[in-house]
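Asks: Generate a structure from the sequence data that follows.
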Amino acid sequence: MSLKDKTKWDKKYQNKPQLLEFRDASAQLIDALKSIPRGEALDLACGTGRNSLYLAQNGFEVDALDIAQVALDTLTQDAQRLDVTHLIHSTLIDLDNYTPEKQYDLIVMCNFLDRSLLQKTKDSLRSGGFYFVETYMLDASNEKENSDKNNLLEKKELQKIFRDFEIIYYNEFDNEKHELYSMKKQIILAKKI
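Replies: Numbers count the residues shown, from 1 in each chain. This next block holds a predicted model:
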């Protein structure tokens, strides 16, 4: 990303205040956490932090990264309200230039796709660690017609990306009702072996 991308995302949050409203964590992530031991987590492109907050409330120490300061400010306010500021370390960062400096037990990427970042961060998982991805895919039923095809997964693409991991769970499904457009999503929970 660039300064142009940062400005775009900050404006998107400012112009669509409903995006800053508190939302529950991904239902898919909530379900996946039933089989994941607690530890250190990385939330890539965390946005307003709905998943980071849930992880912290459930015993994870979380590094939450995003390029939108408006979103991170909302995360900080919600973390204070939920009394989990000591467990969430939010950082304003350009993920195009990001290289993890430590290892994690869980990495989360939701509603965002950067294939090179997926590859780069796979090595940042500890042995036995989990990678959770939930994001949009190409599908004829998608309502948002002007989506950048580079930001949408091909059918079963996550299975290919994580072929060197143990795939715990994979699914394709319709996104949540609170989202702006009806879009098909792909999800994977994969364990580093």
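Asks: This protein: helices as residue ranges?
Replies: 3-15, 27-32, 50-57, 69-81, 115-122, 157-161 (DSSP state H).
Asks: CSV for those, including distance to Ala190?
Replies: The way it works is simple: take the backbone N, C-alpha and C, and place the C-beta from them, glycine included. CSV is the format used below for the helices of the chain (distance: least, CB to CB, whole Å):
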stretch, distance to Ala190
helix 3-15, 27
helix 27-32, 10
helix 50-57, 17
helix 69-81, 26
helix 115-122, 9
helix 157-161, 8
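Asks: Let me know which of those helices is tucked in deepest.
Replies: Of all the helices of the chain, helix 50-57 carries the top mean neighbour count, a mean of 24, counting by mean count of other CB atoms under 10 Å.
Asks: and Phe130, which of the helices of the chain is closest to it?
Replies: helix 27-32 (7.6 Å; CB to CB).
Asks: Could I get the helices of the chain in TSV, plus columns for mean pLDDT?
Replies: Output for the helices of the chain, formatted as TSV (pLDDT from 0 to 100):
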stretch	mean pLDDT
helix 3-15	64
helix 27-32	94
helix 50-57	98
helix 69-81	94
helix 115-122	95
helix 157-161	97
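Asks: show me where the protein has strands.
Replies: Secondary structure of the chain (DSSP state E): strands at 40-44, 61-66, 88-92, 104-110, 125-136, 166-174, 184-191.
Asks: would you list the ones you listed in TSV and tack on mean pLDDT?
Replies: Formatted as TSV, the strands of the chain follow (pLDDT from 0 to 100):
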stretch	mean pLDDT
strand 40-44	98
strand 61-66	97
strand 88-92	96
strand 104-110	97
strand 125-136	96
strand 166-174	94
strand 184-191	95
